[in-house]
Structures are given as structure tokens and as C-alpha cells.
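*Asks:* Okay, sequence plus prediction incoming.
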Amino acid sequence: MRNLAIFGAAALAALPGMAHAAAPCLTPAEASSLAAYALPAAITGTTKRCTPTLAPGAFLRKGGAELAGRYAARKAQNWPLAKAAFFKIGGGSKDQSSDLLKQLPDPSLQQMLDAIIEGMVAQEIPTEKCGEIDRIVGLLAPLPAQNTADLIAVVVGLAGKSGKAKSDKFAICKA
């Protein structure tokens, strides 16, 4: 679960021209919305990466696509705060690429972000972790999508406070 949250945030922060000097502060609601928005693409990327290494009865093999679809049902609802979080992580730089991103229509920006998240997750997950990730995703699958996103935001916030997270990407603000 933590891997999904960090890969999603890393994907958003990795866009060209979006460097920042200090870790921005996301509100708990922004972090949760960002996680909720990124989850379908992250699950799809995880499913693509891990399917070849998982047993035939593994959760991601059997239910990954359905779970991603169920989580995608709330993407539009989460988009406004997720978009704000994305641009906060980007650091609000004033170069041409960030200006171009801000001018894109939402559907184009969403399509681009989904592809980046899915691709980075698929590329970055070590295949030897697929069994553990499959188990975590399977345990979280019965939860409503928003509960899973809220849980990811809490875990990322706690990891940041413990110093075990990449604090240069973003921090969760105190409520």
C-alpha cells in the first residue's frame, strides 16, 4: 500500500520542469484526493507488472482490473483537489512546461497523468515484491475506495513524520 502511494506521488513529482526547492505541504484532503485519483492507474500498473510473476489465483490476476475500475468511479469527484495537489507537488514553477500543463484541458491532463502513473508504477515495482503487494491490495480491496485513499494518505503522513518517506516530494500538513 505504501509503495502505491509513494509511486503515485513520485510519478506526479517527476514531470519535467516541475522541480521545487522545498517539500510542499498537502492538506490531508489533498493527499487523500491525490491518492484516490492515482489509485486506478497505480493498480493497473501494478497488475501489469506483477501478473507474470503471480500465481494463477492471485488477487491482482483475478480482480486487479475490476478493482481499478471500481476505484476509477470516484476519479471525477477527486479530481479538483488531486489537481491542486499535483500542482503543489510540482512546486508552482513559472517555466514554460508548467505553464503549458496548467493550460491543458482537464481531460488531457488527466490522460497524461494516468499514463505517467501507470507507467512509472509498472516500471518501478520490483517483481520480487509482487507477492506482498498482491496480498496488501487483496486485503484493502473490500474497503470503499475513499477509505483506501484516506488510509494511504495517513500512512504517507506517518512515514513522513518518522523520516522514512521521501520528504523532498511533499509533506502532509498538520490539520
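*Replies:* Noted; the coordinates are in hand. Residues are numbered from 1 along each chain as shown.

*Asks:* need the strands for the protein, in chain order.
*Replies:* 25-26, 171-172 (DSSP state E).

*Asks:* Quick one, which of the ones you listed gets closest to Leu140.
*Replies:* Nearest of these to Leu140, taken as C-beta to C-beta: strand 171-172 at 19.3 Å. From N, CA and C alone the C-beta is placed, and that goes for glycine too.

*Asks:* Tell me the helices and strands packed up against that closest one.
*Replies:* Counting contacts by 3 or more C-beta pairs under 8 Å, 6 or more residues apart in numbering; DSSP states H and E, strand 171-172 is packed against strand 25-26, helix 145-162.

*Asks:* now it: how far from the chain's centre is it?
*Replies:* The chain centroid and the centroid of strand 171-172 are separated by 14 Å under C-alpha atoms, centre = their mean, to the nearest Å.

*Asks:* Show me what the mean pLDDT comes to for that strand.
*Replies:* Summarised as a single mean, pLDDT over strand 171-172 is 74.

*Asks:* and what of stretch 42-54?
*Replies:* pLDDT averaged over stretch 42-54 gives 96.

*Asks:* Buried residues, it. List them.
*Replies:* Ala42, Ile43, Thr44, Gly45, Thr46, Thr47, Lys48, Arg49, Cys50, Leu54 (16 or more other C-beta atoms under 10 Å).

*Asks:* Now do the residue nearest to Cys173 when sequence neighbours are not counted: how many residues are near it, please.
*Replies:* Residue nearest to Cys173 in three dimensions, not counting chain neighbours: Cys25, with 4.1 Å by C-beta to C-beta, 6 or more residues apart in numbering. A count of neighbours around Cys25, defined by other C-beta atoms under 10 Å, yields 13.

*Asks:* Can you give me the distance of Cys25 to Asn78?
*Replies:* 19 Å (C-beta to C-beta, to the nearest Å).

*Asks:* can you check Gly90 too?
*Replies:* 18 Å.

*Asks:* All the helices of the chain, in order from the start?
*Replies:* With helices called from DSSP state H, the chain shows them at 2-13, 28-50, 59-72, 75-89, 96-103, 106-124, 130-140, 145-162.

*Asks:* Can you give me the pLDDT of the residue nearest to Pro40 when sequence neighbours are not counted?
*Replies:* The shortest distance from Pro40 to any non-neighbouring residue, by C-beta to C-beta, 6+ apart, is to Ala72 (4.0 Å). Here the pLDDT value assigned to Ala72 is 96.

*Asks:* Could you report the neighbour count for Ala72?
*Replies:* 18.

*Asks:* what about the nearest residue to Tyr37 once chain neighbours are set aside, how many neighbours?
*Replies:* Excluding its sequence neighbours, the residue lying closest to Tyr37 (C-beta to C-beta, 6+ apart) is Ala82, at 3.6 Å. By other C-beta under 10 Å, the residues close to Ala82 number 25.
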